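Trainee: Dropping a prediction and its sequence here:
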Amino acid sequence: MITVIGSGAGADLGSWAGEAALVVDVRSDELTDTELDLVEKHVSEGGTRVIVRVLGDPGFFGVVRTLEQRFGTEGIDVRPGPTAVGLAFARLGLPWDDALVVEGTALDRAVNVCRAHPKVAVLPGPGVGPAELGGELVHRVASRTLVVFTALGDPFRERFERVEPAEAMCRSWEGVSLVLCLDESRQDGPAPAVTGPLTGPGRWALPDGEFGTESHADGGSGADGADAADGRSVLPYEARALALARLGPRAGDLVWDIGTACGAVAIECARLGAAAVAVEQTASGVERIRANTAAHGVEVRAVHGSAPTVLSHLADPDGVFVGGGGRELRSIVLAAGRRARRTVVVAVTALEQVGAVRSALASCGLAVEGVLLQSQRLLALPDGSSTMAPTAPVFLVWGTR
């Protein structure tokens with residue numbers, strides 16, 4: 001039998017020590033191969049207890065998964081203690097059922113989760129600590145507070161302090177147990193009914209009118225502002241649904257929305273859990289994006305500038321949506337295709353643009369597909385009857401890494 005004891009579990013190790021053939025103290029989140037081999041040796045002998053002693057809850061980013069994969073679940077007795085995340089939020093007097101937890105194995109993923117969500121706990125790892133998080137967040141979000149915990153759970157050495165990202169990046173940190181990244185201006189949301197990976201928006205591909213713009217579906221020019229003279233067009237929701245399906249935004253991803261006009265695609269990606277950047281060349285468009293972002297209660301960074309030049313200042317994305325570009329369209333698609341880790345989706349209205357987009361994506365080593373979308377929307381007539389109103393055609397071309 002393998003007994004896994006987390007600190008604070010209420011179990012008295014001393015009462016079991018006499019019947020244990022082996023006690024393993026785990027100092028990190030994982031057992032080493034040597035420790036696992038030693039545990040296996042004693043388990044195979046049978047009749048003696050092996051105790052694995054860990055900090056916190058060993059089933060939460062801990063050793064239980066490793067033990068279960070090697071020994072199965074039948075021979076494991078888990079006595080969990082309070083998680084580091086639960087302790088940290090308790091110290092601040094905050095609930096954490098609406099928090100996201102990210103393991104510090106990749107800095108970009110941790111940063112993107114912090115950018116997209118107002119309450120995040122980061123379990124630190126090599127190269128993922130307060131200084132690294134602060135250095136990435138300082139120029140990418142408007143408002144974040146880092147709460148850094150050291151020696152969490154130690155009654156004599158535990159301490160925590162609130163720092164801004166700019167301060168965190170300039171300091172040397174030792175013994176960090178956990179980092180909370182909080183947007184304290186967005187802490188008062190409703191309590192979630194469900195937590196964990198199943199959470200998400202109740203709907204997506206939102207109605208065109210929810211972005212305070214004119215719909216491209218009525219025949220106006222542009223795709224999410226691509227060629228619209230006044231910059232107020234929005235990619236119709238039928239095309240937006242497929243664009244989102246191909247982008248596949250999720251927590252930990254970064255998505256660019258280029259030529260966005262109103263931020264529709266960026267906002268939808270943020271609602272699905274991704275960090276999002278909306279690039280817009282007009283000042284009025286930037287203000288419109290910010291207003292729409294606030295209205296939908298998500299975090300989207302609005303960047304004022306012309307692509308492709310302004311893209312050089314952005315972190316590499318997982319997915320890119322291009323809904324504008326004009327004469328610079330091919331250059332923008334090339335820049336996006338060279339840097340996107342997964343997918344680039346391009347919306348255009350002119351058949352002549354399709355070939356240029358396709359060749360640009362292919363030259364970046366992407367597998368290219370595309371469709372022409374034109375739908376018929378149900379329209380109610382004054383006499384109570386219904387008819388169908390055609391939307392303007394949109395070409396969607398995408399490339400996948």
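Mentor: That came through, no problem.
Trainee: quick one, what contacts Glu299?
Mentor: Neighbour list for Glu299: 115-118, 141, 183, 186, 270, 275-276, 293 [criterion: C-beta atoms under 8 Å, 6 or more residues apart in numbering]. For every residue, glycine as well, the C-beta is placed using N, CA and C.
Trainee: give me that answer again for 7 Å
Mentor: 115-116, 141, 270 (C-beta atoms under 7 Å, 6 or more residues apart in numbering).
Trainee: With Ser143 instead?
Mentor: So Ser143 contacts 183, 185 (C-beta under 7 Å, 6+ apart).
Trainee: Would you double-check that it falls in a strand?
Mentor: No: counting by DSSP: H, G, I helix; E, B strand; the rest coil, Ser143 is not part of a strand but coil.
Trainee: Got the confidence number for it?
Mentor: With respect to pLDDT, Ser143 scores 89.
Trainee: separation between it and Phe89?
Mentor: Using C-beta to C-beta, to the nearest Å, Ser143 is found at 19 Å from Phe89.
Trainee: Okay, now the unreliable bits of the stretch 1-150 of the chain?
Mentor: By pLDDT under 70, the weakly predicted segments of the stretch 1-150 of the chain are 8-20, 27-29, 47.
Trainee: quick one: the helices in it?
Mentor: Using DSSP state H, counting those that start in this stretch, the helices of the stretch 1-150 of the chain run over residues 13-17, 33-45, 64-71, 84-92, 107-116, 130-137.
Trainee: cool, and the stretch 301-401 of the chain?
Mentor: 329-339, 351-363.
Trainee: nearest to Val147, of these?
Mentor: helix 329-339 (32.5 Å; C-beta to C-beta).
Trainee: Using PDB, write out every CA atom in the closest one.
Mentor: Taking C-alpha atoms only, helix 329-339 is exported to PDB below (Å, rounded to 0.1, in the frame of the first residue of the first chain):
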ATOM      1  CA  LEU A 329      -2.600  42.400 -47.500                       C
ATOM      2  CA  ARG A 330       0.000  40.100 -48.900                       C
ATOM      3  CA  SER A 331       2.700  41.600 -46.600                       C
ATOM      4  CA  ILE A 332       0.500  41.300 -43.600                       C
ATOM      5  CA  VAL A 333      -0.400  37.600 -44.400                       C
ATOM      6  CA  LEU A 334       3.300  36.800 -44.900                       C
ATOM      7  CA  ALA A 335       4.200  38.400 -41.500                       C
ATOM      8  CA  ALA A 336       1.400  36.500 -39.800                       C
ATOM      9  CA  GLY A 337       2.200  33.200 -41.500                       C
ATOM     10  CA  ARG A 338       5.900  33.300 -40.600                       C
ATOM     11  CA  ARG A 339       5.100  33.900 -36.900                       C
END
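Trainee: quick one: that helix to chain centroid distance?
Mentor: Centroid displacement of helix 329-339 relative to its chain, using C-alpha atoms, centre = their mean, to the nearest Å, is 23 Å.
Trainee: which strands and helices sit next to that helix?
Mentor: strand 254-258, strand 319-322, strand 343-348, helix 351-363 (3 or more C-beta pairs under 7 Å, 6 or more residues apart in numbering; DSSP states H and E).
Trainee: Need the contact partners of the first one.
Mentor: Right, strand 254-258. 112, 247, 249, 263, 265-266, 269, 274-279, 307, 314-315, 317-324, 332, 336.
Trainee: on that earlier part again, just so I know, which of the helices and strands packed on helix 329-339 lies nearest Ile5?
Mentor: strand 254-258 (39.5 Å).
Trainee: Tell me the helix or strand right after that closest one.
Mentor: helix 264-271 (DSSP states H and E).
Trainee: what's that following helix packed up against?
Mentor: Using 3+ C-beta pairs under 7 Å, 6+ apart, the elements in contact with helix 264-271 are helix 237-247, strand 254-258, strand 275-280, helix 283-296, strand 300-304.
Trainee: in its sheet, what does the last one sit against?
Mentor: I take that to be strand 300-304. strand 275-280 (parallel) (DSSP bridges).
Trainee: Include mean neighbour count when you put the helices of the stretch 1-150 of the chain into CSV, please.
Mentor: Output for the helices of the stretch 1-150 of the chain, formatted as CSV (neighbours: other C-beta atoms under 10 Å):
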stretch, mean neighbour count
helix 13-17, 11
helix 33-45, 13
helix 64-71, 16
helix 84-92, 18
helix 107-116, 24
helix 130-137, 22
